[in-house]
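Colleague: sharing a model prediction with you, sequence too.
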Amino acid sequence: MSFNQEDYKGYRTPTLELLLAQEAPVWSEVTLHTTRGEFSGLILPRSETADELHIVLKLITGYNIGIRHDTVEKISVHGRKVANYQIPEKAFPHDPKKPRVKLFGTGGTIASRLDYRTGAVIPAFSPGELYGSVPELADICNMETSKLYGVFSENMGPDEWIGTANAIAAEIEKGVAGIVVGHGTDTMHHTAAALSFMLQDSPVPIVMVGSQRSSDRPSSDAAINLINSTRTAATSDIAEVMVCMFGPTSDKYGLLHRGTRVRKMHSSYRSTFRTLSDIPLGKIDEKGVTPFRSDYNKRRDDKNIKLNAVFDDRVSLVYYYPAMKPDIIDSLVEKGYKGIVIAGTGLGHVNKPLYPALDRARKAGVHVYMTVQTMWGYVQMYVYETGREIMGLGVIPAANMLPEVAYVKLGWALGQSHDPEEVKRIMLTPVVSETTEREPHNGYLLFQGGIPEVDEFISSHWK
């Protein structure tokens, strides 16, 4: 188990010096005796992008931690285990009685393995890899896969939205029973909105899915989300663009959120997605889909879908803040932007210093729409003098459209026309419930901890 010292000339780091001195090569099963206690696990190779001061240790729980080298007093080596992190690949069984589901990959980590060269998680994507990782899929459908992109979700944008929409439409025209789109969670709600506008009146479910925690983690939500989304695509009567992710913090069931009313609400919780100003379309578990409402587009036997995959990316989303200066708006106009969505305060307000800039934007032919940064509720610009003045400058209220959805819809509208009246008609005509006549009484519920009655309720249900 000893190191060959000659192999490491020119590569010496403080951490490597320690491992050399303690005769503890990578892949050793060890106990690190440190100034902070003892830690047992498997020494992993250091990522190329990680610092040189920490030993990376995989604990028996499956989680990785970094131990700073100068806190280690002794290393006890118990053995060596070079693990194989390649997901086993098996032929995906074909059953002519089962529906055909197409899984498109754009990135993210539904099923995955670790690349310890970079520390990244590499998606497992072929049908065989997916079957080897999540064999339950074969009980649901005949799955086919196609990798459209391999990017982090922050790198998804109009070009990828258009490409994804075109690929989905082509597959639906071939008679697929349902579509699953694997996507990173950070901007999934943006893509869901874009696909909702670009793909209308679908005859089959289009289900977006991701995972908050990668497949190498014991608490991963990847397999359950993939099973739930695949079952929805294969069997659901709800033929809309949906986001399928954890409902509660447990894996008891998943929720199906309409693509234009959903938002990621927590950076790390598995139950991060929430329907805003409305209720979800339904839930999904091992028994199938349970709709929560009846006003959804129903599954059909035809292969027809309305494809309108266009987008003008000269659009910006501006989140208003106190003391915002007019040069923020002016700079967008000067740079050639054709549309601006403002997330205003309260009922849809900005400060008076912005008024001249908004007027200049109108005169330059820029389309400006107002949403609210409260997330729940409507723009109501007739209530206060400020709102009426802003409307007089050409800013158009966008009802209860979520800011990100309004941004996506404005880019989609400008991809069709730059005529102010036509853009206004497109923006203010609901397509897939991006604006609603009213918000349901149970569409806004917040359970704030610390309040006695809420704490009592939570303590009686928390497990």
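Modeller: That came through fine.
Colleague: for the closest residue in space to K338 that isn't next to it in sequence, what are phi and psi?
Modeller: Nearest non-adjacent residue to K338, counting by C-beta to C-beta, 6 or more residues apart in numbering: R314, 4.4 Å away. No exception for glycine: its C-beta is placed from N, CA and C like everyone else's. Main-chain dihedrals, R314, degrees, to the nearest 10: phi -90, psi 50.
Colleague: same check, this time on L42
Modeller: The phi/psi pair for L42 (degrees, to the nearest 10) is phi -110, psi 130.
Colleague: can you get me a residue count around the residue nearest to K338?
Modeller: 15 (other C-beta atoms under 10 Å).
Colleague: OK, contacts around it?
Modeller: G336, Y337, K338, G339, L414 (C-beta atoms under 8 Å, 6 or more residues apart in numbering).
Colleague: quick check, pLDDT for it.
Modeller: At R314, the pLDDT value in this model is 98.
Colleague: again, but for G107
Modeller: Looking at G107, the pLDDT reads 77.
Colleague: so what's the residue count around L410?
Modeller: L410 has 27 nearby residues by other C-beta under 10 Å.
Colleague: hey, where'd the strands end up in the stretch 51-200 of the chain?
Modeller: 54-59, 64-68, 72-80, 100-105, 112-115, 120-123, 142-147, 178-182, 199-200 (DSSP state E, counting those that start in this stretch).
Colleague: wait, L410 touches V315, no?
Modeller: Yes - using C-beta atoms under 8 Å, L410 is in contact with V315, at 5.2 Å.
Colleague: what touches both of these two?
Modeller: G339, V341.
Colleague: ok, longest helix in this structure?
Modeller: Assignment by DSSP state H gives helix 158-173 as the longest helix of the chain.
Colleague: so what touches that helix?
Modeller: 102, 104, 106, 146, 148-149, 151, 179, 181, 191, 194-195, 198-199, 202-204, 206, 303, 305, 307, 309-311, 313, 411.
Colleague: quick one: buried residues of that helix?
Modeller: Neighbour counts over helix 158-173 (16 or more other C-beta atoms under 10 Å) mark P158, E160, W161, I162, T164, A165, A167, I168, A169, E171, I172 as buried.
Colleague: closest one to V368 out of those, please.
Modeller: Nearest to V368 among the buried residues of helix 158-173, counting by C-beta to C-beta, is P158 at 19.8 Å.
Colleague: that closest one and D313: what is the separation?
Modeller: 5 Å (C-beta to C-beta, to the nearest Å).
Colleague: find residues that contact each of the two.
Modeller: G411.
Colleague: skipping its backbone neighbours, what lies nearest S40 in space?
Modeller: Closest to S40 by C-beta to C-beta, 6+ apart is T31, at 4.6 Å.
Colleague: actually H33, not the one I typed
Modeller: K74 (4.3 Å).
Colleague: need the pLDDT of the one you found.
Modeller: pLDDT, read off for K74, is 94.
Colleague: below-threshold pLDDT in the stretch 51-200 of the chain: ranges please.
Modeller: 82-89, 108-129, 132 (pLDDT under 70).
Colleague: hmm, try it at 50
Modeller: 116-120 (pLDDT under 50).
Colleague: hang on, the earlier thing: adding distance to K325, write the buried residues of helix 158-173 out as CSV.
Modeller: Output for these, formatted as CSV (distance: C-beta to C-beta, whole Å):
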residue, distance to K325
P158, 28
E160, 33
W161, 32
I162, 34
T164, 37
A165, 37
A167, 43
I168, 42
A169, 44
E171, 48
I172, 47
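Colleague: of those residues, closest to K98?
Modeller: E171 (16.8 Å).
Colleague: from M401, how far off is the closest one?
Modeller: In terms of C-beta to C-beta, E171 sits 29 Å off from M401.
Colleague: again with T187
Modeller: 17 Å.
Colleague: more neighbours: these two, which one.
Modeller: M401 (30 against 18).
Colleague: OK, contacts around that one?
Modeller: T371, K409, E434, T435.
Colleague: now with 7 Å, please.
Modeller: T371, E434, T435 (C-beta atoms under 7 Å, 6 or more residues apart in numbering).
Colleague: same deal with A223?
Modeller: So A223 contacts V134 (C-beta under 7 Å, 6+ apart).
Colleague: secondary structure class for the residue lying closest to P430 once chain neighbours are set aside?
Modeller: Spatial nearest neighbour of P430, excluding adjacent residues (C-beta to C-beta, 6+ apart): T436 at 7.4 Å. Secondary structure, DSSP: H, G, I helix; E, B strand; the rest coil: T436 is coil.
Colleague: and the next helix or strand past the helix or strand harbouring T15?
Modeller: Element membership for T15 (DSSP states H and E) is helix 14-21. As assigned by DSSP H and E, the chain's next helix or strand after helix 14-21 is strand 28-34.
Colleague: need the residues that contact that following strand.
Modeller: 24, 38-40, 42-43, 55, 57, 67, 71-81.
Colleague: direction included, what does that strand pair against?
Modeller: strand 37-44 (antiparallel), strand 72-80 (antiparallel) (DSSP bridges).
Colleague: re the thing from before, switch the contacts of M401 over to JSON lines; also include neighbour count and distance to N351.
Modeller: Formatted as JSON lines, these follow (neighbours: other C-beta atoms under 10 Å; distance: C-beta to C-beta, whole Å):
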{"residue": "T371", "neighbour count": "26", "distance to N351": "17"}
{"residue": "E434", "neighbour count": "24", "distance to N351": "27"}
{"residue": "T435", "neighbour count": "22", "distance to N351": "26"}
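Colleague: for M381, state which of those is nearest.
Modeller: For these, the nearest to M381 is T371 (11.2 Å; C-beta to C-beta).
Colleague: ok, back up a step: which one of the strands of the stretch 51-200 of the chain is the most hemmed in?
Modeller: Burial of the strands of the stretch 51-200 of the chain is given as mean neighbour count (mean count of other C-beta atoms under 10 Å); strand 178-182 ranks first at a mean of 27.
Colleague: and the residue nearest to K338, how close does it get to G394?
Modeller: R314 is 17 Å from G394, by C-beta to C-beta.
Colleague: which residues touch K352?
Modeller: Counting by C-beta under 7 Å, 6+ apart, K352 has no contacts.
Colleague: show the pLDDT at it.
Modeller: 97.
Colleague: same question for stretch 283-300, mean pLDDT?
Modeller: Rounded mean pLDDT across stretch 283-300 is 96.
Colleague: buried set for that stretch?
Modeller: Buried, per 16+ other C-beta under 10 Å, within stretch 283-300: K283, I284, D285, V289, Y296, N297, R299.
Colleague: and stretch 33-44, by the same measure?
Modeller: Quick answer for stretch 33-44 (16+ other C-beta under 10 Å): T34, F39, G41, L42, I43, L44.
Colleague: turn those into TSV, including pLDDT.
Modeller: TSV is the format used below for these (pLDDT from 0 to 100):
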residue	pLDDT
T34	95
F39	94
G41	90
L42	87
I43	88
L44	84
